[in-house]
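Trainee: pasting a predicted model and its sequence here:
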Amino acid sequence: MKKLSTILVVALLSLSSVQASNCHSGAKHTEKHDSKLLADAHEVDGYSVKLTSKKPLVVGNNDIEITLLKDGKINKEAKVKIKFFMPEMPGMPYMEYKEKLKLEGDVYKGVVNFSMGGTWQYHLKFKKADGSIHKIRGSINL
């Protein structure tokens with residue numbers, strides 16, 4: 001009987017250890033873990049583009065900011081759109097969230113809603129007054 005209870009204790013400890021390690025590997029759980037801050041930088045057609053967030057990204061609403069620089073100067077004359085999406089996977093539909101960002105001060109701001117954790121791809125487009133369109137692609141892990 002003593003041997004059986006020892007085996008049960010070891011099994012329970014092993015199960016607890018597996019559950020704790022799954023918590024950090026992206027497995028579904030109820031504890032809330034913060035992701036990293038959004039901090040991507042890109043160069044496209046002579047523009048420096050920075051995507052940032054002031055708080056770690058989470059499932060739900062997230063404030064994002066886009067800064068456009070041309071020749072080191074802040075550019076405030078663009079229409080900026082961003083689309084975050086997660087491709088269809090077995091048992092899960094395609095997911096997408098689009099946002100038109102609004103110029104506030106020196107940055108373009110918007111709110112993006114992530115419906116679940118995982119890898120989200122994004123397409124950022126900005127259109128200049130002369131009609132030129134510039135595109136950036138990237139991804140984030142939530």
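Mentor: Received it, and whenever you're ready, just let me know what you need.
Trainee: ranges for the helices of the chain?
Mentor: Taking DSSP state H as the test, the helices found in the chain are 2-23.
Trainee: roughly how far is stretch 80-92 from the heart of the chain?
Mentor: Put simply, stretch 80-92 sits 11 Å off its chain's centre (Cα atoms, centre = their mean, to the nearest Å).
Trainee: what's in contact with that stretch?
Mentor: Contact with stretch 80-92 is made by 64, 66, 68, 94-101, 108, 110, 112, 114, 116, 118-126, 140, as judged by Cβ atoms under 8 Å, 6 or more residues apart in numbering. For the C-beta atoms, the positions are set from N, CA and C on the backbone; glycine is no exception.
Trainee: can you get me a residue count around the residue nearest to Lys98 when sequence neighbours are not counted?
Mentor: Distances taken as Cβ to Cβ, 6 or more residues apart in numbering put Lys83 closest to Lys98, at 4.7 Å, once the chain neighbours are dropped. The number of residues packed near Lys83 is 15, by other Cβ atoms under 10 Å.
Trainee: need the contact list for the residue nearest to Arg137 when sequence neighbours are not counted.
Mentor: Excluding its sequence neighbours, the residue lying closest to Arg137 (Cβ to Cβ, 6+ apart) is His123, at 5.6 Å. With contact taken as Cβ under 8 Å, 6+ apart, His123 is in contact with 82-83, 85, 135-137.
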